[in-house]
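> Predicted model and sequence below, questions to follow.
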Amino acid sequence: MTEPNSRSAYEPDGERMRAEAAEIAFPRYPGTPGDPRARAILRRRFDDAGLEVGEEFFSYDIRHAFRAIRLTLTASAALVVAASVLSAWSPWGAFGVLLIGIALGGTLVLWAPGAEKLYARPGPTRTANVSGTRRARGTPRLTLIVLAHHDSKSQSLTYPFRIGFTLIALLSSFALLLLLVVGLALGRFPGGPVLAGVVGGLAAVAMLALSTMTSGNESPGGVDNAGSVAIVCELARSLPPAIDDDIELIFLSPGAEEDHMVGAMRWLDEHRANFRDRPVYAINFDAAGAPGLLVMLERYGFGKRFSPELSRGARAAARRLGLPLRGIWLPPGVGIDAIPFDHRGVPCLTFASGSPGPVIAAIHSAGDVADNLDPGNLARIARLAHELARDVCLRAPAE
């Protein structure tokens, strides 16, 4: 094996990956007929790669979470409106009410670890996590997990509207908070009750719009997330020969990511005790292969970082390969499987791609087809992840 500062000769086939993505680009919301069909394809691909194939079933009830989300958003909207009204004659009261509203809504948009309890019980939706494992020779000195969720969903609010309403709710709520702070300092509310009503009304309308959102099974999930699954399958073929045999490699495709990352939570809670005696790293893919910028998701929520160590490694790998790579922030309210990994202390970096335009706008809709994938970006992301995986494993301390 070569040293981490040298460049590998690996050249993945982007057209092959797009063809493999097209094979599973059909509606496959958890618990629907497309879900086991997609898992069967994954089992076959992992078996063809010579891996030890596993399929771990679980069930859950997402209805409790949806009810909690609707109630929380409605209550937060009411508190923001109440703060707007109170600002005219009781700024301190308005300030307190608004803080409660922001804190209540924050439990949702920040994916607080405690909120995972909403998904803990078994329920009517049954799906599975699919994995392919290359066991280590003897005791592993490191475990590397390469993952991408296999499920898809459509939403009554497509991706741009969902992100837009989330940002409007957040920005308007904090704008009202800032106005209240200025009003308390100056002894008068800037703009008077009209401005307070407009700002608070915007936040409340956005929250109420988000509370109406429902999930369905109309999206074939080409970009989200068939392209990423194809990258994982490509790496399942290419990484085992390139990585020393004292490294454990797990190629994982969680189910129910589109239902608030339940599959990743269940898999981690089932397996994390097995990893306590060695370093564990994870490389995740979500919406990878869309045309546009190559990105890594470095931060989420308000200032939380996924893995500075993997971010540095990805930048170094990208420089060696001559690939442009940008680190971005995952907006509040958007969930990816890296979040449960972070909650459990497992360093996890997510690769994605895309630029504002019709392809990204089609995510979570019937228009998210495999033809939207860019073979060049599929190949570039697979190559970058291969390089990063190789570096991580080379730097792991030997026994």
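Perfect, thanks for sending it.
> Give the buried residues for stretch 42-57.
42-43, 45-46, 49, 51, 53-55 (16 or more other CB atoms under 10 Å). Heads up, the C-betas are built off the backbone N, CA and C, glycines and all.
> Out of these, which sit inside helices?
42-43, 45-46 (DSSP state H).
> Between the residues you listed, which sits nearest H150?
The closest of those to H150 turns out to be L42 (CB to CB; 6.1 Å).
> Name all residues that make contact with the closest one.
Going by CB atoms under 8 Å, 6 or more residues apart in numbering, L42 touches 24, 130, 150, 229, 233, 253.
> related to what we said a few turns ago, farthest-apart pair in the buried residues of stretch 42-57, please.
Of all pairs in those, the most separated under CB to CB is A49 and E55 at 15.4 Å.
> list the helices and strands the helix or strand hosting R67 packs on?
For R67, the host element (DSSP states H and E) is helix 63-86. On a contact count with 3 or more CB pairs under 8 Å, 6 or more residues apart in numbering; DSSP states H and E, helix 63-86 meets helix 91-109, helix 159-186, helix 192-211.
> re the thing from before, with distance to F351 added, can I get the contacts of L42 in a markdown table?
Converted to a markdown table, these look like this (distance: CB to CB, whole Å):
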| residue | distance to F351 |
| --- | --- |
| I24 | 19 |
| V130 | 20 |
| H150 | 17 |
| V229 | 13 |
| C233 | 15 |
| S253 | 15 |
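> a markdown table for the helices and strands packed on helix 63-86, including mean neighbour count?
Below are the helices and strands packed on helix 63-86 laid out as a markdown table (neighbours: other CB atoms under 10 Å):
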| stretch | mean neighbour count |
| --- | --- |
| helix 91-109 | 19 |
| helix 159-186 | 18 |
| helix 192-211 | 20 |
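> Quick check: mean pLDDT of stretch 256-276?
In this model, stretch 256-276 has a mean pLDDT of 94.
> what about it, start to end distance?
26 Å (CA to CA, to the nearest Å).
> which among the buried residues of stretch 42-57 gets closest to A366?
For the buried residues of stretch 42-57, with A366 as the reference and CB to CB as the criterion, the closest is L42, at 22.9 Å.
> buried set for stretch 122-139?
Buried residues in stretch 122-139, counted by 16+ other CB under 10 Å: 125-134, 136.
> Which one of the helices and strands packed on helix 63-86 lies nearest to P33?
Set against P33 and scored by CB to CB, the helices and strands packed on helix 63-86 come closest in helix 159-186, at 24.4 Å.
> tilt between that closest one and helix 91-109?
150 degrees (axes from the mean of the first three to the mean of the last three CA atoms, to 10 degrees).
> Go ahead and confirm L388 touches A282.
No: judged on CB atoms under 8 Å, L388 makes no contact with A282 at a distance of 11.3 Å.
> Quick check: phi and psi at T127.
Note on T127: its backbone torsions stand at phi -150, psi -160 [degrees, to the nearest 10].
> Tell me how many other residues surround the closest residue to it other than its chain neighbours.
With sequence-adjacent residues excluded and distances taken as CB to CB, 6 or more residues apart in numbering, T127 is closest to G255, at 3.8 Å. Neighbour count for G255, taken as other CB atoms under 10 Å: 31.
> G255 and A128, how far apart?
As judged by CB to CB, to the nearest Å, G255 and A128 stand 6 Å apart.
> Return every residue with contacts to both of the two.
39, 58, 263.
> in the stretch 1-150 of the chain, what spans have low per-residue confidence?
The stretch 1-150 of the chain contains residues with pLDDT under 70 at 1-8, 108-110.
> need the contact list for the one residue sitting closest to the centre of the chain.
For the chain, I336 is the residue whose C-alpha lies nearest the centre (CA atoms, centre = their mean; 1.4 Å). Taking CB under 8 Å, 6+ apart as the criterion, I336 is in contact with 257, 261, 284, 286, 297, 300, 330, 350.
> now with 7 Å?
284, 286, 297, 330, 350 (CB atoms under 7 Å, 6 or more residues apart in numbering).
> And those, which of them are buried?
284, 286, 297, 330, 350.
> how about the nearest residue to the second one, chain neighbours excluded?
Nearest-residue entry for D286: I336, 4.9 Å, with adjacent residues in sequence omitted and distances by CB to CB, 6+ apart.
> Quick check: the residue of the chain positioned farthest from its centre vs G216, distance?
Here the centre of the chain is the reference, and by CA atoms, centre = their mean the most remote residue is G187, at 43.9 Å. As defined by CB to CB, G187 lies at a distance of 51 Å from G216.
> what does A22 give?
As defined by CB to CB, A22 lies at a distance of 21 Å from G216.
> Check L321 too.
On the measure of CB to CB, L321 and G216 end up 39 Å apart.
> Quick one: mean pLDDT for the helix or strand A379 falls within?
Using DSSP H and E, A379 falls within helix 375-395. Computed over helix 375-395, the mean pLDDT rounds to 96.
> and that helix, which residues are buried?
Buried residues in helix 375-395 (16+ other CB under 10 Å): 375, 377-394.
> Secondary structure element holding F251?
Per DSSP H and E: strand 247-253 holds F251.
> angle of that strand against helix 375-395?
150 degrees.
> who's in contact with strand 247-253?
With CB under 7 Å, 6+ apart, strand 247-253 has contacts from 42, 46, 51, 129-136, 140-150, 229, 232, 235-236, 239-240, 243, 267, 393, 396.
> How about E55: which residues does it bridge to?
Judged by DSSP bridges, the bridge partners of E55 are V130.
> Can you name the residues that contact it?
Going by CB under 7 Å, 6+ apart, the list of residues near E55 reads 39, 43, 128, 130.
> and the gap between it and L42?
From E55 across to L42, the span is 9 Å (CB to CB).
> can you check Y60 too?
For Y60 relative to L42 (CB to CB), the value is 20 Å.
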